[in-house]
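>>> model this:
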Amino acid sequence: MDKAVNDIMLVGIDEAGLGPLLGPLVVSAAAFTIPAGVNKESMWIMLKDSVGNHKKNLAGRMLICDSKKAYTPATGIAYLEKTVLACLKNLDKTPTTVAQLVNALCPQCGDRLRQYPWHKNYDSKQIKYNADDISICAGAFGKSLEKNKMSFTTLKSFCFDTAYYNDMVQKVNNKSTVVFTALCGLVDEIIKSSYCRNFHFVIDRQGGRENYVRPLRTMFSDMELKVLSQNDQKSSYELTTQHKSVRIDFCVKADAEHLPVCLASMASKYLREQLMGCLNDYFISKCASLKPTAGYWTDGQRFIKDIKQLAPHIAYDPNMLIRSR
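All right, here's what the predicted structure looks like:
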């Protein structure tokens, strides 16, 4: 029987940048094909030769964990970068500039980003990394996957730059709806681009919502919907057509228990941090007295205040810099 019929495509989806005042919101998906019957929560054990979920004792392996643990102001993006670039190399993508990274993860947002003064030159913004180190990690990852009859198939993002985000929020008047639409777009794209018949999406649940029936019916009106469970920890659904079966789990703390969700979280954070780096470089190049910002609410307000006080000569469109909510 066709391998694609027997295998399951396991997909994790997570976001980075939901709360900040400045910078993009990024939603990403990481997909693996795995043999039917494999314990989906044991991927760290099965891939232990090339992957670890703690910074200690990695011994040449790459880190895949929640991006909040992989990234700190002290360690910066080093762990995020190594993992995301090694995974992209497994997909035959080797970005060396921020523009190439955007094209590898979210090609549809490239033209929008180039409209921003701080992204116009991101073609020349180099990503500095040890190519040999990335190749070694990518090779080990590939061998671990092959050993366990798995494959890594997809790492993609949807980037809401600030002006686009503001426009979308104004149209629907709800930030959660904007994010849900993006993740459903990723679900739909992955389903349609694969010959797999069985899909399992695990999505990190934000907020207290338990019932997703209505928005799923709206987004996937051509599929049969069955409710598997709805509670305060997990809401599970099955969507089916004549040829495909899609399970979707919205899980609390999915980024602590599911490797694909963690990888999606790291990709989202890495892309956001690279774009924030471009923003900081632009403003500081025009006023060296400005201190960089991570874009989160309090520090974002500080940054805007500093621009007004220290660099009133810098003109910018507030709709392109500051989120409406």
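
>>> need the helices for the chain, in chain order.
Remark: helices assigned in the chain by DSSP state H are 3-6, 43-46, 67-70, 78-90, 98-105, 110-113, 131-147, 162-172, 175-192, 213-219, 254-257, 259-286, 297-310, 318-321.

>>> start to end distance for stretch 49-64?
13 Å (C-alpha to C-alpha, to the nearest Å).

>>> kindly report the same for stretch 147-167.
The straight-line separation of the ends of stretch 147-167 (C-alpha to C-alpha) is 46 Å.

>>> list the buried residues in that stretch.
148, 150-166 (16 or more other C-beta atoms under 10 Å). Any C-beta I mention is one placed from the backbone N, CA and C, and that applies to glycine too.

>>> M43 against V261, yeah?
No - using C-beta atoms under 8 Å, M43 is not in contact with V261; the gap is 10.6 Å.

>>> how far does stretch 95-103 sit from its chain's centre?
The chain centre lies 15 Å from the centre of stretch 95-103; the measure is C-alpha atoms, centre = their mean, to the nearest Å.

>>> got the contact list for it?
With contact meaning C-beta atoms under 8 Å, 6 or more residues apart in numbering, stretch 95-103 is reached by 85, 88, 104, 109-110, 113, 122-127, 159, 271, 274-275, 277-278.

>>> can you rerun that using 7 Å?
Residues outside stretch 95-103 that contact it (C-beta atoms under 7 Å, 6 or more residues apart in numbering): 88, 104, 109-110, 113, 122-127, 271, 274, 278.

>>> same deal with stretch 277-287?
Contacts for stretch 277-287 (C-beta under 7 Å, 6+ apart): 23, 98, 117-119, 122, 125, 290, 292-293, 307, 310-311, 314.

>>> mind listing which of those residues are in strands?
Judged by DSSP state E, the subset of these located in strands is empty.

>>> among those residues, which pair sits farthest apart?
Pairwise distances across these peak at 25.8 Å for V98 and L310 (criterion: C-beta to C-beta).

>>> neighbour-wise, which of these two wins?
The neighbour comparison of V98 against L310 (other C-beta atoms under 10 Å) goes to V98, with 22 against 15.

>>> state the distance from the more buried one to L47.
29 Å (C-beta to C-beta, to the nearest Å).

>>> then R205?
With distances taken as C-beta to C-beta, R205 is found 25 Å from L47.

>>> and S268, how close does it get to D132?
Taking C-beta to C-beta, one finds S268 at 27 Å from D132.

>>> who has more neighbours out of the two?
S268 (30 against 8).

>>> just checking, that one touches K156?
No - in this structure, S268 is not within contact of K156 by C-beta atoms under 7 Å, at 10.7 Å.

>>> what is in contact with the two at once?
Joint contacts of S268 and K156 (C-beta under 7 Å, 6+ apart) are S28.
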